[in-house]
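A.B. asks: model the structure of this input:
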Amino acid sequence: MTKFSSCLSSLVFGRTRAGGSFLFQESLIRGDIVLSKTAYPAASLVTLDRANTSQDTIATTLSEHGRAHYRASAIVAYLNSSTGQALLWRQFQGNVQLHLSLDDGRKVPIPRLPEKFQLAVEECFTKAQALLVSATAQIACAEQSLLIALGLDTWSPPEALSYVRTSSHAFAAGRLDAQFFAPRVEQLLSRLGRDGLRLADVAPARHERFDPTGSGSFEYIEIGSLGADGTSATESVAMAEAPSRASQHVREGDVITSTVRPIRRLTALIAPDQDGAVCSSGFVVLQPQGISGEVLFTYLRLPLVCELMDLHTSATMYPAISESDLLALPIPIISDEVQAQVQDAVRQASQARRLANQLLIAAKHAVEIAIEVSESAALNFLDAAFTSESQ
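C.D. replies: Prediction:
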């Protein structure tokens, strides 16, 4: 079994470089470690050359002593393991909202991990990062294929200094804001509506109501569960604690898109293991029927389409598009060949993310094995994980 020989206090110190905003207080570099200091314990490794982090995190970097004995990825894997999480939880304080300070976080003991094992964990992180980069490239490829098919890849929208619309146009649209009647918007609507189809024609909305009665729990998808890369995560919630916004079921192959601030491109494709989950009323659930789910997912994330969605939002604090306005958005006919290209790229991206997640989970589990059993058993486990990933 692995022994604990030191604490974080001897390995890390806080970042103090100022970021560009009061919301982004710490400037980070590759190899830094970021800890969550509110709600729940978590750790992540910075893989960008430069980045900022919010005031709800603790930014740390390895000291000279820490770099001599530890790999940052091994520390992150340990802090996210069951052992590391339990020890971090012990340092959280507060009543209404739990909070972790840098000084308390530095009290967490660190196991003595051999260099060979740390290198194996680091390899897990490196491979996972490469897979995530590949997934991002595949999504970009899917978007580019769709833009070319729509004739928008080289489109230069007109930017008129002035333009005029009649009052009948304004009353018909029910709008008075000049941006809605801009020539670029008019041309974009014309291009996307060339076949006379609306979103409702190819993907009607699903309204399968969720009834939070009985015992047990359910898998919940809220707006905060969607990532900027189009991924979605579920959280297990007890029936008795069901949020009021947990209102509708989703099924495998559905596409969900956030009605709140659609300019953020928060759209996701429901995976097989999410079938039957419950999502927030802040989503519209779409059932792709005349279009591939991957193509609809990509279409709704195109910046130009999100711009159109944003033009239909109302309210100030939480600008949102109505379901009826969303379903009325134009969508052209997309050839089977293009749909196949987009579908393949999105599926490859999904597969790459799945493998990356498996490697990161394996790294955490390997640390647990090293602590509870032996380093040799942990290395054997990682070797098996690498073999599975390569297949």
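
A.B. asks: give me the domain ranges for the protein.
C.D. replies: Domains of the chain are assigned by automatic domain parsing as 4-113, 196-331.

A.B. asks: Throw these into JSON lines and include mean neighbour count, distance to L150 and mean pLDDT, thanks.
C.D. replies: Where C-beta positions appear, they are placed from N, C-alpha and C, glycine not excepted. JSON lines is the format used below for the domains of the chain (neighbours: other C-beta atoms under 10 Å; distance: least, C-beta to C-beta, whole Å; pLDDT from 0 to 100):
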{"stretch": "domain 4-113", "mean neighbour count": "17", "distance to L150": "31", "mean pLDDT": "79"}
{"stretch": "domain 196-331", "mean neighbour count": "18", "distance to L150": "8", "mean pLDDT": "94"}
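
A.B. asks: let's have these in TSV, adding distance to A160.
C.D. replies: Output for the domains of the chain, formatted as TSV (distance: least, C-beta to C-beta, whole Å):
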stretch	distance to A160
domain 4-113	34
domain 196-331	17
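
A.B. asks: among the ones you listed, which comes closest to S376?
C.D. replies: Shortest distance between S376 and those, using C-beta to C-beta, is found for domain 4-113: 12.8 Å.

A.B. asks: and that closest one, how far out from the chain's middle?
C.D. replies: How far domain 4-113 lies from its chain's middle: 21 Å, per C-alpha atoms, centre = their mean, to the nearest Å.

A.B. asks: same question for stretch 250-269.
C.D. replies: 12 Å.

A.B. asks: about what we covered before: out of the domains of the chain, nearest to A356?
C.D. replies: domain 196-331 (10.7 Å).

A.B. asks: end to end on the closest one, go ahead and measure it.
C.D. replies: Start to finish, the residues bounding domain 196-331 are 8 Å apart (C-alpha to C-alpha, to the nearest Å).

A.B. asks: hmm, who's touching stretch 82-97?
C.D. replies: Taking C-beta atoms under 8 Å, 6 or more residues apart in numbering as the criterion, the residues outside stretch 82-97 that touch it are 35, 38-39, 41, 43, 78-79, 98-101, 104-105, 107-109, 111, 364, 367-368, 371.

A.B. asks: I misspoke; the intended subject was stretch 180-196.
C.D. replies: Under the contact criterion C-beta under 8 Å, 6+ apart, stretch 180-196 has outside partners 150-152, 155, 157-160, 163, 165, 169-170, 173, 175, 179, 304-305, 307-308, 311, 329-333.

A.B. asks: likewise stretch 320-337?
C.D. replies: Contacts of stretch 320-337 (C-beta under 8 Å, 6+ apart): 146, 149-150, 189, 191-195, 197-202, 204-205, 257, 259-262, 282, 284, 291, 295, 299, 305, 308-310, 312-314.

A.B. asks: among the residues you listed, which are in strands?
C.D. replies: Those of those mapping onto strands are 257, 284, per DSSP state E.

A.B. asks: so which of the contacts of stretch 320-337 belong to helices?
C.D. replies: 146, 149-150, 189, 191-192, 199-202, 295, 299, 305, 308-310 (DSSP state H).

A.B. asks: host element of the nearest residue to I369 once chain neighbours are set aside?
C.D. replies: Leaving aside its sequence neighbours, I369 sits nearest to A378 (C-beta to C-beta, 6 or more residues apart in numbering; 4.1 Å). In this structure, A378 sits in helix 375-390 according to DSSP states H and E.

A.B. asks: just Q118 next, same as before
C.D. replies: Using DSSP H and E, Q118 maps to helix 115-150.

A.B. asks: repeat that for Y220.
C.D. replies: For Y220, the host element (DSSP H and E) is strand 217-221.

A.B. asks: just how off-centre is that strand within its chain?
C.D. replies: Here the centre of strand 217-221 is set off from its chain's centre by 17 Å, with C-alpha atoms, centre = their mean.

A.B. asks: tell me what it is packed against?
C.D. replies: strand 235-238, strand 278-280 (3 or more C-beta pairs under 8 Å, 6 or more residues apart in numbering; DSSP states H and E).

A.B. asks: again, 10 Å this time
C.D. replies: The helices and strands touching strand 217-221, judged by 3 or more C-beta pairs under 10 Å, 6 or more residues apart in numbering; DSSP states H and E, are strand 235-238, strand 246-249, strand 278-280.

A.B. asks: rewinding a little: so who does the residue nearest to I369 touch?
C.D. replies: Taking C-beta atoms under 10 Å, 6 or more residues apart in numbering, we find A378 in contact with 2, 113-114, 117, 120-121, 363, 365-372.

A.B. asks: give me that answer again for 8 Å
C.D. replies: Shown in contact with A378 (C-beta under 8 Å, 6+ apart): 117, 366-367, 369-370.

A.B. asks: that one and I371: what is the separation?
C.D. replies: Using C-beta to C-beta, to the nearest Å, A378 is found at 9 Å from I371.

A.B. asks: please apply the same query to S280.
C.D. replies: Counting by C-beta to C-beta, the gap from S280 to I371 is 38 Å.

A.B. asks: and if you look at T267?
C.D. replies: Distance of T267 to I371, given as C-beta to C-beta: 40 Å.

A.B. asks: so who does the closest residue to M239 other than its chain neighbours touch?
C.D. replies: The shortest distance from M239 to any non-neighbouring residue, by C-beta to C-beta, 6+ apart, is to P212 (5.3 Å). Residues counted as contacts of P212 (C-beta under 8 Å, 6+ apart) are 218, 239, 242, 246.
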